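Chemist: structure, please.
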Amino acid sequence: MTTERIRCPWAAAPEIMTRYHDTEWGVPVHDDTTHFAFLTLESAQAGLSWLTILKRREGYRAAFAGFDPEQVARFSQEDVLRLMQDTGIIRNRLKIEAAINNAGRFLEMRERYGSFSDYLWRFVDGRPVRNTWQRMEEVPPSTPLSDTVAKDLKRHGFKFVGTTTVYAHLQAAGLVNDHLVSCFRHAEVDGMCP
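Modeler: Numbers count the residues shown, from 1 in each chain. Sure thing, here's the model as predicted:
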C-alpha cells in the first residue's frame, strides 16, 4: 500500500511546483551561481506568482547566460533591447536592468566577502533558521532577518530586493527552513543542516 506524502499545501499542484518543492526549495545553497539564479528569478517575481517565474526559468537561464553573473554584468543596452523582445522571460525593463545591475553588485560582494554565499550565510551565523510552522497562515511574508538583509543589499546597490523578495530567497536557498513541520521535507531539509 502506497501512502501519499504530506507536503506544504502550496506545492500540491501543478507538477512543476511539486517537483520544485520536493527537490529544491529550502535545500541549503552554498553555490554562488545558484544564489545568483534565485536572486534573479525572485527579483523578476515581484508582483507576480512564483509559478509564473518557475515556468520561465529555462527561458531566464538562456536569456541570462546560464545565470553567470560575470557575463550578465557585461550586458549592454543592446542586450536590454534584446531581452525586451524575449518571450521566454518577463519583459519588464526595470526588472531586466535590475538583473544586470545586480550581477555587478553580486561580483562586488564576491570580491569583498570571498563569495556571495559567505556574505549571505553570515546573517544566520552559517546555520539555517529552523522554523516549526504548523499552518501556512503562520509563515510570514518577511521577517526582521529579511528586513536586515534587504536593507544591506540595497546599501550595496542591489535593486528589486525588498524584504519580501529577500525572504523568498532565504527560504528557497535554505537559510530558513519554512517547510511546515507536517511536510516530509521539513525533516529532510533539517537533516542537511549542520
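Chemist: on the three-state scheme, Pro140 is what?
Modeler: For Pro140, the assignment made with DSSP: H, G, I helix; E, B strand; the rest coil gives coil.
Chemist: host element of the closest residue to it other than its chain neighbours?
Modeler: In this structure, Pro140 finds its nearest non-sequential neighbour in Tyr167, 7.4 Å apart by CB to CB, 6 or more residues apart in numbering. Placement of C-beta: from N, CA and C, glycine included. Taking DSSP states H and E as the criterion, Tyr167 maps to helix 163-172.
Chemist: for that helix, C-alpha coordinates in CSV please.
Modeler: Extracted as CSV, the C-alpha positions of helix 163-172 are listed here (Å, rounded to 0.1, in the frame of the first residue of the first chain):
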residue,chain,number,x,y,z
THR,A,163,12.1,42.4,2.3
THR,A,164,9.5,40.0,0.8
THR,A,165,11.8,39.2,-2.2
VAL,A,166,14.7,38.6,0.2
TYR,A,167,12.6,36.4,2.4
ALA,A,168,11.7,34.3,-0.6
HIS,A,169,15.4,34.0,-1.4
LEU,A,170,16.2,33.0,2.2
GLN,A,171,13.5,30.3,2.1
ALA,A,172,14.5,29.0,-1.3
